[in-house]
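Trainee: model this:
(chains A and B)
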Amino acid sequence: MSGADARKSCDAIGPLLFFYVYEEVNEQERAAIEEHLADCVDCSEHLAAERTLYAELASLPQSSDQLDSSGIVLSQCRSELSEKLDELHVPAAKEKWLSFFWLRRWMTVHPAWSAALLILFGLVAGVQGTQWLTGLNNANALDQAVNVRPGMKFTDKQLSTVADVNITSNASVGQQHVRVRMSAQQPVELTGTLDDADVRRVMTYVVENGDRFNPGVLLDCLDALKARSGDLEVRGALLAAARRDQNPAVRLKALEALRDASSDHTVRLALLDALHHDPNPGVRVEAVNLLVRSLEAANGRELSNGKEVAVTVLQGEEDLDSADGVLRTLEVLQRSDPSPYVRLRSAAALREINDRDEQ
Amino acid sequence: MPSPRWALAVANQTGQSSTCSSALAAGIPLAKLDERALVEEAQAGSRQAFEELVRIYDRDVLRLALNLMKRTEDARDVYQEAFLKVYRNLYRFRFECSFYTWLYRIVTNVCLDHLRRRQSRPEDQAPELHSATYDEGTTDFFERQKEFRPGLDPERHLMGREIQTRLAAAMLRLSPRERVVFEMKHYQGLKLRAIGDALGTSEETVKNSLFRATRKLRQELGVLR
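Mentor: Residues are numbered from 1 along each chain as shown, chains lettered A, B, ... in the order given. Presented below is the predicted three-dimensional model:
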């Protein structure tokens, strides 16, 4: 080995000697060091110095030997730790969401993507959550029914699902708004005024099928339909209620609703029918009132037109329906009605009619 | 130098683990369980298993703390702080490394925190041990020197005392990391790779720290030769 080669080799081996003493060189380095040491006196001396230093450092007294030679400190430490552990609660149970650790780690590494994903998640959750809550409320309360505009044609089957009718007056526009709720598969809410044919259809259905509904709802419907008694469909429903409803208050209200149409032939027949057959004296008194009113209206038209009132009189019913027929019925009631109120009202009605005829 | 228990733990770590969720219920003594089983028991809330883990490693932990901190009170603080951290965070341990590596990562971090804190407060430096202490007891440096080198003469004896004093002073001038690396290599007998794992750094960085630390100590001793 030349002098230059030896120096070069010493420069490479020298730094490794320190780690050679500490046994922290790999097999290749170890072989190179040992081969070089066999021929190099300088590096052998260097190694001896490193070993001496190592030995001196290793033989230094250790603080642990001096400070706790008898193990008292260790016992104290154990005792203190035990006391401290007594004060603590049981360690938290292993996180149940450890399976999501990969997600947490990914989010740590990709903060921008994580933020974007969280915002997206928030948006989706917000939108879907709102819809879900709305759906939940729909299922729980009929108040949140679907609104439909008047114009849809209700079938009889649909009408049979009507659950409730709510009528509110809008004072500002002088109209009544009707809200109908149907307990079909999907609740439907119909809002509108009596100008809407569908609203009238729903209300007449309610009046005709009064036994299915709350009397309060019926009375509201009758009150609302009063203004539309000229409509044939509405009038038919009012007549049906006046004749057949089980509740006398409803029958009475139905007759009141027919007040403006009392001169009509079918209405007058219904009034006479009530006088003869209705068990409730209040209903009969109202029928007397309406008959008097119908005769007044007929006389007024007779005077203005100079001809008879009844235009369409069915054969066989003429006697009943005519003014004479009404008078005869009132005379019978005045004498034989079981209710004194009806008898008194009938007598008063006869006097009013006679006085008007004399004039 | 006897091998520390954690070195034995590395040797024993074969990767096998007996599932032990019912080990205690089955009446198997804790000492018979392997380390992984003990950790799993402790994670499940067993105080007994945790204390058994403490018993396995706490002697070495205290030794490291005493050697680094040089004061009993500080070492006790390190001991308690480190094991309480282990106790509180045990559920986070997922066996991605050996338990001893994880434990010593915590211990060395606590030590480094204390050393750095102390370094920032010069008035709080560890007092040098009294030389009188060294003359007492069987663990005395010179007693051991005699044992290993019975032929030492009085001059060498005196020189040894001087070396010891200078090294102790030089040790205090090492950076916290250099001191920890030197301590773990020299007195705990750990391989550089294991020290790197415990400190959360590379083997190369640990090599450099050890080299720098030893060079500083060599310079301190150089004037005596």
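Trainee: list the buried residues in the helix ranked longest in chain B.
Mentor: In chain B, assigned by DSSP state H, the helix with the most residues is helix B:47-69. The neighbour-count check on helix B:47-69 (16 or more other CB atoms under 10 Å in any protein chain shown) flags B:47, B:49-54, B:56-69 as buried. Glycine gets a C-beta too; all of them are placed from N, C-alpha and C.
Trainee: ok, the closest residue to A:P338 other than its chain neighbours to A:V292 distance?
Mentor: The shortest distance from A:P338 to any non-neighbouring residue, by CB to CB, 6 or more residues apart in numbering or on different chains, is to A:P281 (8.0 Å). Using CB to CB, to the nearest Å, A:P281 is found at 17 Å from A:V292.
Trainee: now swap in A:V127 and tell me
Mentor: Taking CB to CB, one finds A:V127 at 66 Å from A:V292.
Trainee: which of the two has more residues huddled nearby?
Mentor: Shown here are A:V127 and A:V292; by other CB atoms under 10 Å in any protein chain shown, A:V292 has more neighbours (21 against 10).
Trainee: once you drop chain neighbours, what's closest to the more buried one?
Mentor: The spatially closest residue to A:V292, leaving aside those adjacent along the chain, is A:A349, at 4.8 Å (CB to CB, 6+ apart).
Trainee: again, but for B:L66
Mentor: What sits nearest to B:L66 in space, not counting adjacent residues and going by CB to CB, 6+ apart, is A:S64, at 3.9 Å.
Trainee: now do the same contact list for that neighbour.
Mentor: By CB atoms under 8 Å, 6 or more residues apart in numbering or on different chains, the residues touching A:S64 are B:L62, B:R63, B:L64, B:L66, B:N67.
Trainee: checking my notes, it in a strand, right?
Mentor: No: residue state for A:S64 (DSSP: H, G, I helix; E, B strand; the rest coil) corresponds to helix; a strand is not indicated.
Trainee: which pLDDT value belongs to it?
Mentor: Listed pLDDT for A:S64 reads 76.
Trainee: can you get me a residue count around the residue nearest to A:P338?
Mentor: 17.
Trainee: surely it touches A:L344?
Mentor: No: with contact defined as CB atoms under 8 Å, A:P281 does not count as touching A:L344 (10.6 Å).
Trainee: in which helix or strand would I find A:Q246?
Mentor: Using DSSP states H and E, A:Q246 is not contained in any helix or strand.
Trainee: tally of neighbours for B:L192?
Mentor: Neighbours of B:L192 (other CB under 10 Å): 22.
Trainee: ok, now how distant is it from A:R343?
Mentor: Spatial separation of B:L192 from A:R343 under the definition CB to CB is 124 Å.
Trainee: ditto for A:Q28
Mentor: Remark: distance between A:Q28 and A:R343 (CB to CB) = 134 Å.
Trainee: the two: who's more crowded?
Mentor: A:R343 (16 against 8).
Trainee: and the longest helix seen in chain A, what does it pack against?
Mentor: Ranked by number of residues, the top helix in chain A under DSSP H is helix A:111-140. If contacts are counted by 3 or more CB pairs under 8 Å, 6 or more residues apart in numbering or on different chains; DSSP states H and E, helix A:111-140 sits against helix A:101-109.
Trainee: check which helices and strands the helix it packs on is in contact with.
Mentor: Judged by 3+ CB pairs under 8 Å, 6+ apart, the packing partners of helix A:101-109 are helix A:111-140.
Trainee: kindly calculate the angle that the helix it packs on makes with helix A:101-109.
Mentor: 130 degrees (axes from the mean of the first three to the mean of the last three CA atoms, to 10 degrees).
Trainee: mean confidence score for helix A:111-140?
Mentor: Helix A:111-140 shows an average pLDDT of 81 in the prediction.
Trainee: likewise for stretch A:226-240?
Mentor: Stretch A:226-240 comes out with an average pLDDT of 85.
Trainee: which residues does it contact?
Mentor: Outside stretch A:226-240, the residues within contact range by CB under 8 Å, 6+ apart are A:194, A:200-201, A:204-205, A:207-208, A:222, A:225, A:254, A:256-261, A:264, A:266-267, A:270.
Trainee: whichever of those end up buried, select them in PyMOL.
Mentor: A single PyMOL command selects the buried members of the contacts of stretch A:226-240 (16+ other CB under 10 Å):
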select buried, chain A and resi 194+200+201+204+205+207+208+222+225+254+256+257+258+260+261+264+266+267+270
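Trainee: which residues in the stretch 151-300 of chain A form helices?
Mentor: Under the criterion DSSP state H, counting those that start in this stretch, helices of the stretch 151-300 of chain A are mapped to A:156-159, A:197-208, A:215-225, A:232-244, A:248-257, A:265-277, A:281-305.
Trainee: please identify the deepest-packed of those helices.
Mentor: Most buried of these by mean neighbour count (mean count of other CB atoms under 10 Å in any protein chain shown) is helix A:248-257; its value is a mean of 23.
Trainee: any residues touching it, and which ones?
Mentor: Helix A:248-257 has contacts (CB under 8 Å, 6+ apart) with A:207, A:210, A:215, A:218-219, A:222-223, A:225-226, A:229, A:238-239, A:241-243, A:245, A:271, A:274, A:278-280, A:282-283, A:286-287, A:290.
Trainee: repeat that with 6 Å
Mentor: Here helix A:248-257 makes contact (CB atoms under 6 Å, 6 or more residues apart in numbering or on different chains) with A:210, A:218-219, A:222, A:225-226, A:229, A:238, A:241-242, A:245, A:280, A:282-283, A:286.
Trainee: how close does the residue nearest to B:L66 sit to B:D60?
Mentor: In terms of CB to CB, A:S64 sits 10 Å off from B:D60.
Trainee: A:L330 now?
Mentor: 121 Å.
Trainee: low-confidence stretches in the chain?
Mentor: Just so you know, I chose chain A. Residue ranges of chain A with pLDDT under 70: A:1-8, A:89-101, A:135-153, A:163-165, A:168-190, A:298-321, A:357-359.
Trainee: my bad, chain B
Mentor: For chain B, residues meeting the criterion pLDDT under 70 lie at B:1-33, B:122-160, B:222-225.
Trainee: where does it come near chain A, residue by residue?
Mentor: Residues of chain B lying near chain A by CB under 6 Å from any CB of the partner chain: B:43, B:45, B:62-63, B:66-67, B:70, B:72, B:76, B:79-80, B:83, B:87, B:90-91, B:133, B:139, B:141, B:167, B:186-187, B:192, B:218.
Trainee: contacting residues for B:A65?
Mentor: B:A75, B:V78, B:Y79.
Trainee: now do 8 Å
Mentor: Shown in contact with B:A65 (CB under 8 Å, 6+ apart): B:D74, B:A75, B:R76, B:V78, B:Y79, B:A82, B:V107, B:C111.
Trainee: of these, closest to chain A?
Mentor: B:Y79 (4.4 Å; CB to the nearest CB).
Trainee: tell me which element the closest one is part of?
Mentor: For B:Y79, the enclosing helix or strand under DSSP H and E is helix B:72-89.
Trainee: check which residues of that helix are buried.
Mentor: Residues of helix B:72-89 classed as buried by neighbour count (16+ other CB under 10 Å): B:72, B:74-84, B:86-87.
Trainee: same thing with stretch A:32-45?
Mentor: Within stretch A:32-45, the residues scored as buried using 16+ other CB under 10 Å are A:I33, A:H36, A:L37, A:C40, A:C43.
Trainee: quick check: the gap between the last one and A:P15.
Mentor: Computed with CB to CB, the distance linking A:C43 and A:P15 is 11 Å.
Trainee: which neighbours do these two share?
Mentor: By CB under 8 Å, 6+ apart, no residue touches both A:C43 and A:P15.
Trainee: which other helices and strands contact the helix or strand B:R117 falls within?
Mentor: B:R117 is located in helix B:99-119, with elements delineated by DSSP H and E. For helix B:99-119, the packing partners by 3+ CB pairs under 8 Å, 6+ apart come out as helix B:5-12, helix B:35-43, helix B:47-69, helix B:72-89, helix B:176-186, helix B:192-199.
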